[in-house]
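Asker: Got a predicted model here, sequence first, then my questions.
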Amino acid sequence: MPSTEFTDPDVPPPTDSTESTGSPTAPTRRTFIATTTAVGGAVVAGGFIAGSDFINADDAEAGEAAPSSRVSLTVNGTRRTVTVDNRTSLLDLLREHLDLTGSKKGCNAGACGACTVLVDGRRVNSCLTLAVRLEGAEVTTIEGLAKGDELHPLQQAFIDEDAFQCGYCTPGQIVSGVGCINEGHTGSAEEIREFMSGNICRCGCYVKIVRAVEQTAGRK
Amino acid sequence: MSPQPQAAVGAPLSRVDGRLKVTGQAKYAAEHDIKGAVHAVIVDASIGRGRITSIDAGDAEKHPGVLRVIHHRNAPKLPYRDNPGSNNPPGGRRLRVFQDDKVLFHGQPVAVVVATTLEAAQHGASLVQVEYDAEQSSTDLAEAEPGEPTNYARGDAQAGLRDAAVRLDLTYQLARNHHNPMEPHATLARWDGNKLTVWDKTQWVMGTHDELAAVFDLPADAVRVINPFVGGGFGSGLRCWPHTTVAALAARETKRPVKLVLSRRQMYFGTGFRPAYAYRLRLGSDRRGRLTAAIHGIDAETSSYETFTEAIMGAGQMTYSMPNVSQAYRQVPLDVNTPIWMRGPGFATASFAIESAMDELAHKLGIDPIELRRRNEPDEDESSNLPFSTRRLRECYTVGAREFGWHRRSSRPRSRREGDWLIGMGMAASVYDPGRFPAEARARLDADGTAVVETATSDMGPGTYTSQTQVAADALGLTMRTVTFRLGDSLYPQTGPHGGSATMASVGSAVVDACDKVRRQAVKLAVEDRDSPLYGVDAGDVVVRGGRLHVKGNPARGETYQRLLARNDRSHLEARGSYAGPPTPARRSYHAYGAAFAEVAVDATLGLVRVRRMLGVYDAGRIISPKLADSQAIGGIVGGIGGALLEHTVTDHRDGRIVNANLADYLVPVNADVPEVRAIYLDGEDNDGNELGVKGLGEVVQVGVAAALANAVFNATGRRVRELPITAEALL
């Protein structure tokens, strides 16, 4: 029987291992641009100086760059120095420039919580946070919760309780849940529901999200 | 049923893609790292109807980073071939992006700005100056002229109603709802010469594939659509929307890969919605509650350029036994974009009217609502005169009543009070007509004892990856770990859309067929191989478990796939499987059923409705993946809570603008809105037309929820609300 030519998808199929998609902390094309071009870059306050200074070298095509700033922040334990367009949100910095697409854009208006990250330990909507404000800040995203192959207990609890379906709100829910537990707002299911209500799950997994947070808080 | 031992099917397994999702590694449409991708942002029309008189893109083009602004004055003419067999409504004429100066609805794309950064594209879009010659738009369902009706009749409904001992004449209003999946619709488009690849948020990669081939007049093999993860859909991804064409067009014009993500606001007019309805129901019965006649007058929103229809008439024809039924379903063309099916399409809407009316009738007659439904349970499907494949609605009532504590409900409204809160219970029946469509799959068993199965289906969240791996693993006799299931690529074997509760019956059947064929090839190889311990055994007596073939009932006699393939010098075995669709003509009426139960508390002075607990009991055939099915049912109930109490797309009829096109003003359930929710699936299977015995469960779980809540609100307050969503204003 002739062999069917099996396609080689551009995207790996899901597996139990994160190896197939690369370690979250491994340098990628985007991080390479972001981290290397920033070296020696001056704060650009209006005029364009040199193509290589900018976070996105493509902008050279436009002839003039938008006002930008240099900012140093720590993302998931790694120090990053980047020059960003002043209009860039933390969420867009993560997703479009640092290849950290785990934080999701659901509404870009602070209403859904899909973009939740921890900034200096507090939950924030990264879509409403300008990246240039974050000089010296420590940012933790969903990609920074696991220790190597060992999932954060709340990540494991989400799997065990089936606290998600499509998965799009999940990173925000989990980061928010970590914040909720750290804040101590887990005294009852009712309190968890209240303090997890900034994160919309359209698949409707709330009952199980509460269970996952409750269990993880109980283990602490 | 397969002769194979069922180890994975029916087991409460966790998701196979769970780790990818909880670590943020699952890649959704806009997240694929495509080299050189630039950003596109759509400029939408700010009038409800009229013509574009001028477009000044000068300031936008001068903005740093902006590469191009494309609009009807400079866009190339696109072929827009017909695309029969797609989810484009038959008749009408689909929206053609940037092909003329006409504006058909508020928010229609009128230009796209392409820039090197997202910030530049967003800012650039705000700088495009568009002037219009505006006309008065028509967006009010109650004011506009309906089209010609689609009719159904049996018996003489007018006479039946006239002669009925008890008559009700009720009109229900249902607001427009938007799917609002958490992942906004997005397209990444890349041209390689004349070949187009898109990473697109869709529930049907083949549908997007066919539409792009039609719009750009490309041969089928010049388009590839990839989408391994879908961040929710609920129907919004069942059709290829204009922005996907915009992204592909922008990529072609700029010769760069283009990423286009709709904003949340743009999701309200850039993709479809569950249309608003006005549903008049006249119901007649005898004194004992036996229904004698029903007349349904159903008006629904559609767009001015396409006629959208859905299965709104089915529930009124076959849920209850009655001799006389007439229905008239009219579409009302408005200056809006075209609707699309949303979870439980048709049935969820119709059930609000029918199940609320049944509750009213029960109250009027002084009969328990469950008892009234039992008295009207049909012996056959009276719309087709076919026997039911399975229909266990009575059992759903019994189990639900017991588990929910229905006996604690007082039949007298407004008789239970806890402080400021009035407490009430309600229930409703759920029915859905699940889809089934032809599907194909491909399975390959490798010499290392692992297998790969591929189909072009999707997983918008129900867990296709997991449940299909379960059926494949059992059919192949492999463990879950050794089977990889791939989906979301138009190069894989074709399937129909991932929707209508059709995926397991359709795709699952094709997967089982492909895997059965591979397993049988291996068995044949073994029983004909003199060196195999299975040599000479009847092929029908060989089963495979954990990758090892052995004689049924004698596990000691056998060998592994690996040994068999290695000894026979085979690198792999493979096969294509298929599912032909349901038997035609239908021999049985095949539907999923359920009963929804709700308890609410209503603040006596503020009118605030709080859900206290909900239960769904389902007759959905065999449950392949119980853990995931439970999540799906709970999610469907939560979706129903949204439609019942919160969701309402509000249009300003002066200019057709949606005024709450965001997640702060279009309310969806949040965690605090959802306390205890429970789901029970009755054990069983339904083998009408699929060997897996499934019925599909993604839709039925949302049907009936709104009526159960409305009935509970009545029981709590004595106020009958016939308009969705049920707001505090209606109860004050």
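Answerer: Ah, there it is.

Asker: what's the burial count for the nearest residue to residue B:616 once chain neighbours are set aside?
Answerer: Leaving aside its chain neighbours, residue B:616 sits nearest to residue B:679 (4.8 Å; criterion: C-beta to C-beta, 6 or more residues apart in numbering or on different chains). Where C-beta positions appear, they are placed from N, C-alpha and C, glycine not excepted. Other residues near residue B:679 come to 22 when the count uses other C-beta atoms under 10 Å in any protein chain shown.

Asker: Check which helices and strands the helix or strand where residue B:679 lies sits against.
Answerer: According to DSSP states H and E, residue B:679 maps onto strand B:676-681. Strand B:676-681 is packed against helix B:393-404, strand B:609-619, helix B:626-645, with contacts defined by 3 or more C-beta pairs under 8 Å, 6 or more residues apart in numbering or on different chains; DSSP states H and E.

Asker: how about these, which one is nearest residue B:506?
Answerer: helix B:626-645 (16.8 Å; C-beta to C-beta).

Asker: For that closest one, which residues meet the burial criterion?
Answerer: Within helix B:626-645, the residues scored as buried using 16 or more other C-beta atoms under 10 Å in any protein chain shown are B:627-645.

Asker: near chain A too, which of these?
Answerer: With C-beta under 8 Å from any C-beta of the partner chain as the criterion, those include B:627, B:628, B:630, B:631, B:632, B:634, B:635, B:636, B:637, B:638, B:639 near chain A.

Asker: Reformat these as TSV; add pLDDT.
Answerer: Output for these, formatted as TSV (pLDDT from 0 to 100):
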residue	pLDDT
B:627	98
B:628	98
B:630	98
B:631	98
B:632	98
B:634	98
B:635	98
B:636	98
B:637	98
B:638	98
B:639	98
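
Asker: Of the residues you listed, just say which sits nearest to residue B:275.
Answerer: Distances from residue B:275 to those, taken by C-beta to C-beta, are shortest for residue B:639, at 16.4 Å.

Asker: Just give me the neighbour total for the nearest residue to the closest one once chain neighbours are set aside.
Answerer: Computed as C-beta to C-beta, 6+ apart, the closest residue to residue B:639 that is not its neighbour in sequence is residue B:702, at 4.9 Å. Neighbour count for residue B:702, taken as other C-beta under 10 Å: 33.

Asker: Please look at residue B:702 and residue B:642 and confirm they touch.
Answerer: No - Residue B:702 lies out of contact with residue B:642 (C-beta atoms under 8 Å); the separation is 9.4 Å.

Asker: Helix or strand for residue B:370, just tell me which one.
Answerer: Going by DSSP H and E, residue B:370 is in helix B:369-375.

Asker: residues of that helix that come out buried?
Answerer: B:369, B:370, B:372, B:373, B:375.

Asker: Same question for stretch B:694-708.
Answerer: In stretch B:694-708, counting by 16+ other C-beta under 10 Å, buried: B:694-708.

Asker: can you give me the offset of that stretch from its chain's centre?
Answerer: In terms of C-alpha atoms, centre = their mean, to the nearest Å, the gap separating the centre of stretch B:694-708 from the centre of its chain is 11 Å.

Asker: now do the same end-to-end measure for that stretch.
Answerer: 25 Å (C-alpha to C-alpha, to the nearest Å).

Asker: Show me how the record splits chain A into domains.
Answerer: Here the domain parsing of chain A from automatic domain parsing is A:26-144, A:153-219.

Asker: The first one - what's its average pLDDT?
Answerer: Across domain A:26-144, the average pLDDT comes to 77.

Asker: what's the answer for the last one, then?
Answerer: pLDDT averaged over domain A:153-219 equals 97, rounded to a whole number.

Asker: touching chain B at all, it?
Answerer: Yes - using C-beta under 8 Å from any C-beta, we find that domain A:153-219 touches chain B at A:155-156, A:158-160, A:162, A:164-171, A:174, A:192-194, A:196-210.

Asker: and the stretch 301-450 of chain B, which residues reach chain A?
Answerer: B:442, B:444.

Asker: Helices along the stretch 301-450 of chain B, start to end?
Answerer: In the stretch 301-450 of chain B, the helices defined using DSSP state H, counting those that start in this stretch lie at B:314-318, B:347-365, B:369-375, B:393-404.

Asker: re earlier: what's downstream of the strand holding residue B:679, the next helix or strand?
Answerer: Beyond strand B:676-681 toward the C-terminal end (DSSP H and E), the next one is helix B:705-717.

Asker: Report the inter-axis angle for that following helix versus helix B:626-645.
Answerer: Comparing the axes of helix B:705-717 and helix B:626-645 via axes from the mean of the first three to the mean of the last three C-alpha atoms, to 10 degrees yields an angle of 60 degrees.

Asker: Which strands or helices does helix B:705-717 pack on?
Answerer: Checked by 3+ C-beta pairs under 8 Å, 6+ apart, helix B:705-717 has helix B:347-365, strand B:421-432, strand B:592-603, strand B:609-619, helix B:626-645 packed alongside it.

Asker: how about a cut-off of 6 Å?
Answerer: helix B:347-365, strand B:421-432, strand B:592-603, helix B:626-645 (3 or more C-beta pairs under 6 Å, 6 or more residues apart in numbering or on different chains; DSSP states H and E).

Asker: So which of the ones you listed is nearest residue B:182?
Answerer: Nearest of the helices and strands packed on helix B:705-717 (C-beta to C-beta): helix B:626-645, 12.1 Å.

Asker: Give me the distance from that closest one to the chain's centre.
Answerer: Its chain's average C-alpha position is 12 Å from that of helix B:626-645, according to C-alpha atoms, centre = their mean.

Asker: Reformat the helices of the stretch 301-450 of chain B as TSV; add mean pLDDT and distance to residue B:435.
Answerer: Below are the helices of the stretch 301-450 of chain B laid out as TSV (pLDDT from 0 to 100; distance: least, C-beta to C-beta, whole Å):
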stretch	mean pLDDT	distance to residue B:435
helix B:314-318	98	12
helix B:347-365	98	12
helix B:369-375	98	26
helix B:393-404	98	20
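
Asker: what's the neighbour count on the closest residue to chain A within the stretch 351-500 of chain B?
Answerer: The minimum distance from the stretch 351-500 of chain B to chain A, using C-beta to the nearest C-beta, falls at residue B:461 (3.3 Å). Residue B:461 has 30 neighbours, counted by other C-beta under 10 Å.
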